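Asks: 3D model of this:
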Amino acid sequence: MKIDVIGDVHGCYHELCHLFEELGYQNNQYAYIHPDGRIPVFVGDLTDRGPDSIKVIQLVYEMVVSQKVAKYVPGNHCNKLYRFFLENKVQHQHGLETTVAEYEALDKSTQEIVRKQFMTLYEEAPLYLQLPDANAIVAHAGIKKSYIGRQDKKVKTFVLYGDITGEFDEEGRPIRRDWAQQYHGDEWIVYGHTPVISPRIVHKTINIDTGCVFGNKLSAFRLPEQTTVSVPSKQPFMEEKFKSFPDD
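Replies: The predicted model follows:
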């Protein structure tokens with residue numbers, strides 16, 4: 001199995017299309033297909049903050065659900081949008097407000113189509129993907145080795161939000177432990193969630209959220225090649241949004 005794991009898109013539709021082209025995919029009008037049968041895997045957080053969340057939903061739905069030429073795992077922003085579509089009380093902040101504004105600008109019939117597409121995409125998605133043929137596990141915010149194979153609430157919180165401590169920094173962002181330092185498994189753990197300037201490899205883990213929506217780049221990790229491909233962002237650069245690690 002040859003896969004291309006794509007980092008957090010966050011509504012950056014044009015950069016996603018550009019990345020597919022750089023990866024050698026061809027547009028068949030509805031989806032991007034690779035001539036060698038490579039499978040794109042979306043690492044979650046498709047929407048919020050960026051300019052074209054609805055287009056991203058429509059494209060990913062087409063590729064994952066309709067044509068079954070791609071795979072997807074949900075992120076925390078996906079979870080929040082799903083709860084919005086369930087009409088749960090969620091705060092329209094931290095990026096959700098941009099997706100809601102796009103959605104509410106649609107006519108009612110298109111709204112219903114998009115809502116059903118996203119809810120189907122989310123409901124059919126696994127919490128994380130085990131891909132033995134690629135020797136990889138894809139989870140939005142990563143996963144501990146001891147959690148692999150489990151589906152309980154503790155694991156769900158970890159794969160959506162990371163190894164959170166329950167505390168917050170001076171900017172109000174959740175403080176997370178650097179779980180990758182303790183991972184010593186043989187399978188690749190491919191994840192995103194925390195924006196980094198360049199793909200970060202620790203042991204056999206790689207963070208490929210290179211902060212496209214914050215003006216850096218959109219990245220993919222290719223297996224079995226173990227290479228990364230990135231395209232530049234069209235968004236304004238926001239240096240303060242990127243995480244640095246003392247041991248890097």
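
Asks: which residue ranges form the helices in this structure?
Replies: Using DSSP state H, the helices found in the chain span residues 13-22, 53-61, 76-85, 96-104, 108-123, 153-161.

Asks: What's the mean pLDDT across the first one?
Replies: It refers to helix 13-22. Helix 13-22 shows an average pLDDT of 98 in the prediction.

Asks: Next: the last one.
Replies: Averaged across helix 153-161, the pLDDT comes to 96.

Asks: quick revisit: pick the most buried one from the helices of the chain.
Replies: Greatest average neighbour count among the helices of the chain goes to helix 53-61 (a mean of 22), per mean count of other CB atoms under 10 Å. Every C-beta, even on glycine, is put in place using the N, C-alpha and C of the backbone.

Asks: So what angle separates the directions of it and helix 76-85?
Replies: Using axes from the mean of the first three to the mean of the last three CA atoms, to 10 degrees, the direction of helix 53-61 lies 100 degrees away from that of helix 76-85.

Asks: got a list of contacts for helix 53-61?
Replies: Contacts of helix 53-61 with the rest of the structure, by CB atoms under 8 Å, 6 or more residues apart in numbering, involve 9-13, 16, 31-32, 42, 46-47, 50, 70, 72, 98-99, 102-103, 106, 114, 117-118, 120-121.

Asks: Mind telling me which residue is nearest the centre of the protein?
Replies: Nearest to the mean C-alpha position of the chain, by CA atoms, centre = their mean, lies residue 44 at 2.6 Å.

Asks: Spatially, what comes nearest to that residue if we skip its sequence neighbours?
Replies: Computed as CB to CB, 6 or more residues apart in numbering, the closest residue to residue 44 that is not its neighbour in sequence is residue 75, at 2.7 Å.

Asks: what stretches of the protein score poorly on pLDDT?
Replies: 171-172, 246-248 (pLDDT under 70).

Asks: the strands in it, which residues?
Replies: 3-6, 26-27, 32-33, 39-42, 71-72, 129-131, 136-138, 164-168, 174-176, 188-191, 200-202, 205-207, 217-223, 227-232 (DSSP state E).

Asks: got a markdown table for these, with mean neighbour count too?
Replies: Compiled in a markdown table, the strands of the chain are given as follows (neighbours: other CB atoms under 10 Å):
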| stretch | mean neighbour count |
| --- | --- |
| strand 3-6 | 26 |
| strand 26-27 | 12 |
| strand 32-33 | 20 |
| strand 39-42 | 24 |
| strand 71-72 | 22 |
| strand 129-131 | 18 |
| strand 136-138 | 25 |
| strand 164-168 | 10 |
| strand 174-176 | 14 |
| strand 188-191 | 27 |
| strand 200-202 | 18 |
| strand 205-207 | 24 |
| strand 217-223 | 24 |
| strand 227-232 | 17 |
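
Asks: For my notes, please list the ones you listed in a markdown table and give distance to residue 152 for each entry.
Replies: Formatted as a markdown table, the strands of the chain follow (distance: least, CB to CB, whole Å):
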| stretch | distance to residue 152 |
| --- | --- |
| strand 3-6 | 24 |
| strand 26-27 | 40 |
| strand 32-33 | 35 |
| strand 39-42 | 23 |
| strand 71-72 | 21 |
| strand 129-131 | 16 |
| strand 136-138 | 16 |
| strand 164-168 | 16 |
| strand 174-176 | 20 |
| strand 188-191 | 18 |
| strand 200-202 | 25 |
| strand 205-207 | 22 |
| strand 217-223 | 27 |
| strand 227-232 | 32 |
